[in-house]
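Asker: Curious how this folds, go ahead:
(one chain, ligands or ions: 1)
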Amino acid sequence: MSIASKIQELQNDLPKNVTLVAVSKTKPVNALEEAYNAGQRVFGENKIQEMVEKWEVLPKDISWHMIGHVQRNKVKYMAEFVDLIHGVDNFKLLKEINKQAQKHNRVINCLLQIKIAEEDSKFGMSAEEATALLASEEFKQLENIAIVGVMGMATFTNDMTQVRQEFKNLKTTFNQLQPMHAALEIISMGMSGDYELAIEEGSTMVRIGSSIFGARNHL
Ligand SMILES: *Cc1c(COP(=O)(O)O)cnc(C)c1O
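Answerer: Purely as a prediction, here's the structure:
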């Protein structure tokens, strides 16, 4: 199936309250153009340099999401244009995003990455750490960032019962945090292999790569 028809199929099938992030990491600019021409405006990348290169050449009405792990010293390269950073999992990173956003006189939207998977390799905060962050005085002083939701990645497994439980846990964490921070509205969970399950468990933003653009050769 072509990229364009895959985009159209997803746009038709996804519930209206669910945002599709087309994960275009490792894919060439012409693949993104094909998705763009099919109406897609939200793209997710996991490397800052690659995202900057694509941002420079593609139409300016694209909403760029950084979905990968963010190194503090690279925030400055995307601060001018990034629309949403999914993987914020510590206060020092948030502080740096705030500082770089200030230089461009803008507010950068962020999601707190919550660790829901079993694997040690997956980044993220516990629900307790997220609660403490949102309650802290130093967080309240950051005026150039907005925490607008949570993000999580399930364990890489074929055990869909486990994946469903991990999504349920993220939704529970969201429900705990939401009363203390009214701006929280996004739950970013679900990828090509598990987005239908994620939507059943309350996802409002799915990050889909390989089922739109085909398999990747490397990550
Ligand atoms: C690569 C990636 C995706 C997309 O994965 P697919 O299985 O290709 O849909 C989603 N989220 C994150 C954080 C990723 O790194």
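Asker: can you pull out the helices in the protein?
Answerer: Taking DSSP state H, the helices of the chain run over residues 3-13, 29-37, 48-57, 75-78, 91-103, 127-135, 137-140, 160-177, 195-200, 210-213.
Asker: between these, which gets nearest to I67?
Answerer: With Cβ to Cβ, the closest approach to I67 among these belongs to helix 48-57: 9.6 Å. Using the backbone N, CA and C atoms, a C-beta is placed for each residue, glycine as well.
Asker: which helices and strands does that closest one pack with?
Answerer: helix 29-37, strand 42-45, strand 63-66, helix 75-78 (3 or more Cβ pairs under 8 Å, 6 or more residues apart in numbering; DSSP states H and E).
Asker: who wins for proximity to T157 among the ones you listed?
Answerer: Smallest distance to T157 across these (Cβ to Cβ): 22.2 Å, for strand 42-45.
Asker: taking the mean pLDDT, what do you get for the closest one?
Answerer: Mean per-residue pLDDT for strand 42-45: 98.
Asker: swap in stretch 164-172?
Answerer: The average pLDDT within stretch 164-172 is 98.
Asker: Report the distance from that stretch to the chain centre.
Answerer: Remark: stretch 164-172 is offset 17 Å from the chain centroid, using Cα atoms, centre = their mean, to the nearest Å.
Asker: May I see the buried residues of it?
Answerer: 164, 166-167, 169-171 (16 or more other Cβ atoms under 10 Å).
Asker: can you redo the helices of the chain as a markdown table with distance to the ligand?
Answerer: Listed next are the helices of the chain as a markdown table, based on distance: least, Cβ to the nearest ligand atom, whole Å:
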| stretch | distance to the ligand |
| --- | --- |
| helix 3-13 | 11 |
| helix 29-37 | 13 |
| helix 48-57 | 12 |
| helix 75-78 | 16 |
| helix 91-103 | 16 |
| helix 127-135 | 18 |
| helix 137-140 | 24 |
| helix 160-177 | 12 |
| helix 195-200 | 8 |
| helix 210-213 | 3 |
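Asker: Turn the buried residues of stretch 164-172 into CSV, including distance to M1.
Answerer: Shown next, in CSV, are the buried residues of stretch 164-172 (distance: Cβ to Cβ, whole Å):
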residue, distance to M1
R164, 27
E166, 29
F167, 26
N169, 33
L170, 30
K171, 31
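Asker: Closest to N37 out of the residues you listed?
Answerer: Set against N37, the nearest of those by Cβ to Cβ is F167 (32.2 Å).
Asker: show me what contacts that closest one?
Answerer: Residues near F167 by Cβ atoms under 8 Å, 6 or more residues apart in numbering: 116, 152, 154, 189-190, 194, 197-198, 201-203.
Asker: Try it again at 10 Å.
Answerer: Shown in contact with F167 (Cβ atoms under 10 Å, 6 or more residues apart in numbering): 116, 152, 154, 187, 189-190, 194, 197-203.
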